[in-house]
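Novice: sequence and predicted structure below; questions after.
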Amino acid sequence: MIYRRFGYLQAVLLLEKQDDLRCLESALDRLNKSYVNKDETALMSRHNIEEPEFAARKELLQKIETKFNEYCMPVSSDLVGYLYTEHDV
């Protein structure tokens with residue numbers, strides 16, 4: 001069966017998600033630097049990260065994980081489709 005992959009649209013959507021991830025990465029970097037400026041050992045232990053003052057970081061990491069999973073999904077599903085197509089021929 002022949003079907004369109006909408007490669008251009010996939011690329012546009014992936015680039016949009018990639019840019020979103022870049023922005024989230026920058027936000028995490030700024031947040032990490034603010035914690036380290038207050039206390040150099042702030043991010044050296046998982047124990048510290050569970051403290052209430054790190055709630056913003058934890059929330060940001062959850063956003064990053066969600067966006068990262070959205071970013072990876074089209075790539076992995078396209079690869080699976082490609083592999084099945086190759087074997088079916």
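Specialist: Alright, I've got the coordinates. Note that the structure is a prediction, hence the values are computed from the model and not measured.
Novice: centroid residue for the chain?
Specialist: F68 (2.2 Å; C-alpha atoms, centre = their mean).
Novice: can you pull the contacts of that one?
Specialist: Applying C-beta atoms under 8 Å, 6 or more residues apart in numbering, one finds that F68 lies in contact with L21. Every C-beta, even on glycine, is put in place using the N, C-alpha and C of the backbone.
Novice: read off the pLDDT value for it.
Specialist: Among the per-residue scores, F68 shows a pLDDT of 95.
Novice: over to L15?
Specialist: Here the pLDDT value assigned to L15 is 93.
Novice: what's whichever strand or helix holds it packed up against?
Specialist: Using DSSP states H and E, L15 maps to helix 7-38. With contacts taken as 3 or more C-beta pairs under 8 Å, 6 or more residues apart in numbering; DSSP states H and E, helix 7-38 sits against helix 55-88.
Novice: quick one on the thing from earlier: quick check: the residue nearest to the centre of the chain vs N48, distance?
Specialist: 24 Å (C-beta to C-beta, to the nearest Å).
Novice: for E65, the count of nearby residues, please.
Specialist: 11 (other C-beta atoms under 10 Å).
Novice: coming back round to it: give the buried residues for the helix holding L15.
Specialist: The neighbour-count check on helix 7-38 (16 or more other C-beta atoms under 10 Å) flags L14, K17, D20, L21, L24, L31, Y35 as buried.
Novice: quick one: the first one and Y71 touch, right?
Specialist: So that's L14. Yes - using C-beta atoms under 8 Å, L14 makes contact with Y71 at a distance of 6.9 Å.
Novice: and which of the buried residues of helix 7-38 is nearest I64?
Specialist: Closest approach between these and I64, by C-beta to C-beta: L24, at 4.8 Å.
Novice: quick check, pLDDT for that closest one.
Specialist: The predicted local confidence for L24 is 98.
Novice: separation between it and A56?
Specialist: Per C-beta to C-beta, L24 is found 13 Å from A56.
Novice: what about I64, distance to R22?
Specialist: 11 Å.
Novice: can you check E53 too?
Specialist: 26 Å.
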